[in-house]
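Student: Predicted coordinates and the sequence they were generated for:
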Amino acid sequence: MTEQPLLSVKNLKKHYPIRKGFFNRQVGAARAVDGISFDIRRGETVGLVGESGCGKSTAARSIIRLEEPTDGEVIYNGSLGAGHDGSASRTTDVTEFDRGELKSFRRKAQMIFQDPSSSFDPRMPVGDAIGEMLQVHGMADRERRRRIVENLIDRVGLERDDYDRYPHEFSGGQKQRLGLARALVLNPDLIIADEPVSALDVSIKAEILSLLDELQTEFDLSLLFISHDMSVIQEVSDRVAVMYLGEIVELGPTETVFENPQHPYTEALLSSIPQPDPRAAMDKIELHGTVPDPSNPPSGCRFHTRCHRVLQPADLDLEQSSWRNLITFREQVLSDAIDIETVRKQLAAEGETEAVADADLKARLRTEFDLDAPLASERAEEQFETVLSHLVSEEPEAARELLETTFISPCAKKQPATTEHAGDHQSACHLHEERDAATESTELLQ
Ligand SMILES: Nc1ncnc2c1ncn2[C@@H]1O[C@H](COP(=O)(O)OP(=O)(O)OP(=O)(O)O)[C@@H](O)[C@H]1O
């Protein structure tokens, strides 16, 4: 029988209500975490990576219920241990834990943060702050607490005498060592580290990562390591989960994912890693804009609005760059972001004339979206020109109406299903569905 994972996150969701008006009625929800699933096995490090705002911290906080999850399960297969009241736990689902179970679980699952200062009271010696954790969990003997904490302070590479010093007397790296001591003092089996080295200088960063590695073996820890930095994730993780706008888009062993990424978002993140050898550098894939608003996520595949591989409708065969520009143009028109009057005024000022010809306005719009050359498909070019004509004739409604049904990527139509790849590796991208369908039809023909 295969060993149960220490923690199984199943379809976890955290939606923040958006309220408005006099009656504070809920008018929507920010879907910060929107149905993520992954396991953390005993002794392994899972890296959770993605840009700022994609929901990593919310996921972490929901897993240990610093935030109440909206839906889903977090199955904890470890033991709640001696701190628990002794009775067998009613459930293994953290989202269902009562107060007592949650308190015991919080001993076993500790969090460390980017800024460890937040865990230390500036007016309390750091040793007492670490020892307080033991006191809260029932250790009354002050001397014993002090011995345990001094040993830990020593173990994380500081001096035993540091026990009596105050937080402001430590550097950023030293504070993160203290943060680790604090996380370890209750002998946890899981540590969730949320960007623990992001604020540190390169050399200090390396020291903390290597300390974390040593401690993981020594204390037999499982780790969920959150970072936006692919190179850090590569260094520390056994498996990696790539998160985009509340969802996990790719999951697999780190080596496999880094060598053979299956999701265009992962590809883009990987291409941004600085390469010491310029010859080895892959072409940088530019991620335009920021992660969209989770209260209004794009339809279908959430990444399609920024994806360099976004699929074209079956009847189109444009250059991928023109297609991408056309999608951006479409979005801007649909969201009413093009102010034709301003463009007209600009042109008038440049030409020192009152009268700006429609043809010039259209040409300027084409240039703005890098679509100067006629589109390679005659029908697409015709439709594009019609939209431009509506815009320059101040008929944005008509332009929108046409675009509602034109230039729609298949990626925008439905959510991609999860595809399993060889070696415990999965991703969710329409490209694979397309390839699978192509393989299936060739097989049928044989
Ligand atoms: N309390 C809240 N109320 C409403 N929206 C929230 C709340 N907390 C987070 N969000 C939103 O949820 C999304 C995910 O935020 P989160 O902090 O989890 O992302 P992150 O990937 O950890 O980014 P960062 O690294 O910048 O913290 C963001 O759009 C954020 O604005």
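Tutor: Thanks, I have it.
Student: Is Trp406 part of a helix or strand, or is it coil?
Tutor: No, residue 406 isn't Trp; it's Thr. What DSSP: H, G, I helix; E, B strand; the rest coil gives for Thr406 is coil.
Student: per-residue pLDDT, the closest residue to it other than its chain neighbours?
Tutor: Distances taken as CB to CB, 6 or more residues apart in numbering place Gln383 nearest to Thr406, at 5.3 Å, with adjacent residues excluded. C-beta coordinates here come from the backbone N, C-alpha and C atoms, glycine included. You'll see Gln383 listed with a pLDDT of 95.
Student: Which of the helices or strands spans Gln383?
Tutor: In this assignment (DSSP states H and E), Gln383 forms part of helix 378-392.
Student: got a list of contacts for that helix?
Tutor: Contacts to helix 378-392, defined as CB atoms under 8 Å, 6 or more residues apart in numbering, come from residues 315-316, 318, 326, 333, 338, 340, 358, 361-362, 365-366, 371, 374-375, 396, 398-399, 402-403, 406-407.
Student: buried set for that helix?
Tutor: 380, 383-384, 387-388, 390-392 (16 or more other CB atoms under 10 Å).
Student: and the closest residue to the ligand within the stretch 101-250 of the chain, what does it touch?
Tutor: Residue of the stretch 101-250 of the chain nearest the ligand, by CB to the nearest ligand atom: His228 (5.9 Å). By CB under 8 Å, 6+ apart, the residues touching His228 are 49-52, 56, 195, 198.
Student: Show me which of those is closest to Asn260.
Tutor: Nearest to Asn260 out of these is Val49 (CB to CB; 16.3 Å).
Student: Pop out the phi and psi values for that closest one.
Tutor: phi -130, psi 150 (degrees, to the nearest 10).
Student: Show the contacting residues for the residue of the stretch 251-400 of the chain at minimum distance from the ligand.
Tutor: Residue nearest to the ligand within the stretch 251-400 of the chain: Pro294 (4.7 Å; CB to the nearest ligand atom). Going by CB under 8 Å, 6+ apart, Pro294 touches 30-32, 34, 53, 55, 245-246.
Student: ok, so of those residues, who is nearest the ligand?
Tutor: Ala32 (3.2 Å).
Student: Flag every residue of the stretch 1-150 of the chain that's near the ligand.
Tutor: Within the stretch 1-150 of the chain, the positions adjacent to the ligand are 16, 30, 32, 50, 52-58 by CB under 6 Å from any ligand atom.
Student: Mind doing that once more with 8 Å?
Tutor: 16, 18, 30, 32-33, 50-61, 67 (CB under 8 Å from any ligand atom).
Student: Which stretches in the stretch 201-350 of the chain count as helices?
Tutor: 202-219, 230-236, 254-259, 264-271, 320-334, 340-351 (DSSP state H, counting those that start in this stretch).
Student: Send over the longest one as CSV, restricted to the C-alpha atoms.
Tutor: Only the C-alpha atoms of helix 202-219 are listed here, as CSV (Å, rounded to 0.1, in the frame of the first residue of the first chain):
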residue,chain,number,x,y,z
VAL,A,202,21.4,36.7,-2.2
SER,A,203,24.1,35.3,0.2
ILE,A,204,21.8,35.4,3.3
LYS,A,205,19.0,33.8,1.2
ALA,A,206,21.3,30.9,0.3
GLU,A,207,22.3,30.4,4.0
ILE,A,208,18.6,30.3,5.1
LEU,A,209,17.7,27.9,2.4
SER,A,210,20.5,25.6,3.3
LEU,A,211,19.5,25.8,7.0
LEU,A,212,15.9,25.0,6.1
ASP,A,213,17.2,21.9,4.2
GLU,A,214,19.2,20.7,7.2
LEU,A,215,16.3,21.3,9.6
GLN,A,216,13.9,19.5,7.3
THR,A,217,16.0,16.3,7.5
GLU,A,218,16.7,16.6,11.2
PHE,A,219,13.1,17.3,12.2
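Student: Return the list of helices and strands in contact with it.
Tutor: Helices and strands touching helix 202-219, by 3 or more CB pairs under 8 Å, 6 or more residues apart in numbering; DSSP states H and E, are helix 172-184, helix 230-236.
Student: circling back to that earlier point, what's the closest of the helices of the stretch 201-350 of the chain to Asp39?
Tutor: Nearest of the helices of the stretch 201-350 of the chain (CB to CB): helix 254-259, 14.9 Å.
Student: buried ones in the closest one?
Tutor: 254, 256-258.
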